[in-house]
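J.: Structure here, sequence nowhere to be found:
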């Protein structure tokens, strides 16, 4: 090993000092101050990969926009993306590494009702603010909820009420449910059963399939024998594409209407107009609403400019969730969790789709929900849905603060 | 649950298609294990690569039938290379070494597929001639799935004729029985092993291309199915081709019928079957006792 001589030591020290002096002279974003680090665990690999990629793209866009305006509190924002592989164990591990090794200031992410609980466990322990950007009923309810937990996405309860009631009113009262056998699918199943009960509809059957199942054909004869008006496919990602595609190939679409409670633009685009013809579903964002809402147009244009494709609903959650958090830090003038929480609670905002607000008791974001129908004569690659219904944001579709265990 | 003969019959048909993919995968696994005593954990990745290469050839030629032939041939070639340069140096060592090697290879191949084709997967449409559904009298069944049944039947018969009626088939069967004696007769078994490994991988590739229009194409598509296929091989008897066929179809039907009568159980029934079979017949339906020792 080469020994460090006094001369080289002095030279290096001098350079370092010069660098610091020069840096402090630079405007706003300074090297002297460490960046604000945001951990971002999402399932980049596995059946939800397409939606996770959209989340990553949109969060990156939000961070770039914010850094372009000089960062937050004069500090640069850094997004640390990690692959949670859609596994709760891996999600917990990645989050732990982000918290302990990277010392992240905040965590945003999660694309599974199961994995986000694992992420939340870690952030809760570390008293770090976590903004969940995918659906879950439990995340806003005690005992899982914590003051550090925020939920930018809607949840299966709201989804099944809005989409379920619409389907029962417009498509028929005899319902069959196929659901992905984990928290998200199970919560949607329960929600739809509840809505059916309230509105005099019948759930003829509800059968599970494993998360990431590739073949759905064995489930179909049971469904066909029950002769429902509506088949609800309570799943997500590749599972949605495969189940719709196979249901179509078995001729189910001529016997019943198909409804995907969370209807994914990513999967609809991949499957094409013929496979998805006549399929209905719900969403929180479709780029076409930009024709009426200026912020939606601005977001869709900015995303399209950067990535050459429009953003879909999960991109929206990630974009909005990232801005929601970072702009709260700016308002709070500190990264200190308690003050940022105070800046978030009850906050009303409009980043990409019209008015939203954070309910104080459970940190749930309330927002408009849309009902979609797959478009048959699509004119462009991303012209894939007709918006057939809009349900305005309202706390009446969600459980009350008391129901969720908040005093 | 209201059901009738027609519903049950369509349930059996769906099970048959599930079974055919297991049969094709298990045949390759069993062939390789029977002769080489290599537990090929990269089989699922070869299945996945078959689907991707099928997609690639389809995009290139716009012809599904060419893709159906060319992709398995490419996979066979890859199998030859794998045997010659990766597996062969490990012969004579414990059975774990090639197992670990092929397991590592499978991880590499999945990651390579993500790098080359992306993490999101691709959509593979059935050929236009097989796009619709056929009225079987009791139900509408996708024409493509009927084709998969027929194609598997053809492959199984062809493989049987090859093993039973050709000289090379005779050597392979003899090699499975007693490699030492075959060597003593002056036959170059290295070449036979190479070929068998290639055939096994080509079968996995064929299964991948056949499954792609039904299930889509994505890097992790082989991860779960290879485990289920191992179950099929164990149930059928390690190294037994007849066992692979019988157990493959049986598992397909068991999964399908369980889905009908008790959907919650469908996920674990495969392993229940294995546990029961191993308790009653430790070497599987048609396996020779002591092969694994």
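T.: Nice, I can see it. Predicted model only: the values in this text are computed from it and were never measured.
J.: wait, what's in contact with residue A:161?
T.: A:191, A:194, A:195, A:397 (CB atoms under 8 Å, 6 or more residues apart in numbering or on different chains). To be clear about C-beta, it is placed using only N, CA and C from the backbone, and glycine gets the same treatment.
J.: if you set the cut-off to 7 Å instead, what comes out?
T.: A:191, A:195, A:397 (CB atoms under 7 Å, 6 or more residues apart in numbering or on different chains).
J.: what about residue B:72, distance to residue B:198?
T.: For residue B:72, the distance to residue B:198 (CB to CB, to the nearest Å) stands at 10 Å.
J.: between those two, who's got more neighbours?
T.: Between residue B:72 and residue B:198, counting by other CB atoms under 10 Å in any protein chain shown, residue B:72 is the more crowded of the two (28 against 22).
J.: all helices of chain A, in order?
T.: Applying DSSP state H to chain A gives helices spanning A:6-25, A:49-68, A:88-100, A:115-126, A:156-170, A:183-198, A:220-226, A:238-249, A:265-276, A:294-307, A:313-332, A:337-344.
J.: Residue B:235: which of those is closest?
T.: Among the helices of chain A, the nearest to residue B:235 by CB to CB is helix A:220-226 (24.6 Å).
J.: neighbours of residue A:107, just the number please.
T.: 29.
J.: near chain A, which residues of chain B show up?
T.: Within chain B, the positions near chain A by CB under 7 Å from any CB of the partner chain are B:2-3, B:7, B:10-11, B:14-15, B:17-18, B:114, B:119-121, B:123, B:133, B:140, B:142, B:214-216, B:218, B:220-221, B:255-256, B:259-260, B:263-264, B:267.
J.: buried subset of these?
T.: Neighbour counting by 16 or more other CB atoms under 10 Å in any protein chain shown classes B:7, B:10-11, B:14-15, B:17-18, B:114, B:119-121, B:123, B:133, B:140, B:142, B:214-216, B:218, B:220-221, B:255-256, B:259-260, B:263, B:267 among those as buried.
J.: any shared contact partners between residue B:72 and residue B:198?
T.: Here residue B:72 and residue B:198 have no joint contacts, going by CB under 7 Å, 6+ apart.
J.: For stretch B:204-217, give me every contacting residue.
T.: Stretch B:204-217 has contacts (CB under 7 Å, 6+ apart) with A:214-215, A:238, A:241-242, A:246, B:21, B:24-25, B:28, B:43, B:46-55, B:67-68, B:71-72, B:75, B:121-126, B:144-145, B:148, B:151, B:155, B:221.
J.: low-scoring stretches of the chain, by residue?
T.: No chain specified, so I'll use chain A. A:1-32 (pLDDT under 70).
J.: looking at chain B here, not the other one
T.: Across chain B, the ranges flagged by pLDDT under 70 are B:1-3, B:289-293.
J.: For it, which segments are assigned as strands?
T.: Ranges of strands in chain B, per DSSP state E, are B:133-135, B:140-142.
J.: Switch those over to a markdown table; also include distance to residue A:122.
T.: Below are those laid out as a markdown table (distance: least, CB to CB, whole Å):
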| stretch | distance to residue A:122 |
| --- | --- |
| strand B:133-135 | 48 |
| strand B:140-142 | 45 |
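J.: out of the ones you listed, nearest to residue B:239?
T.: Residue B:239 lies closest, by CB to CB, to one member of the strands of chain B: strand B:140-142, at 33.9 Å.
J.: what's the spacing between the closest one and its chain's center?
T.: Distance of strand B:140-142 from its chain centroid, counting by CA atoms, centre = their mean, to the nearest Å, is 24 Å.
J.: go on, stretch A:243-260?
T.: Distance of stretch A:243-260 from the chain centroid (CA atoms, centre = their mean) equals 26 Å.
J.: residues from the stretch 251-400 of chain A in reach of chain B?
T.: A:251, A:270, A:271.
J.: residues touching residue A:269, list them.
T.: Each residue near residue A:269 by CB under 7 Å, 6+ apart is listed here: A:381, A:382, A:384.
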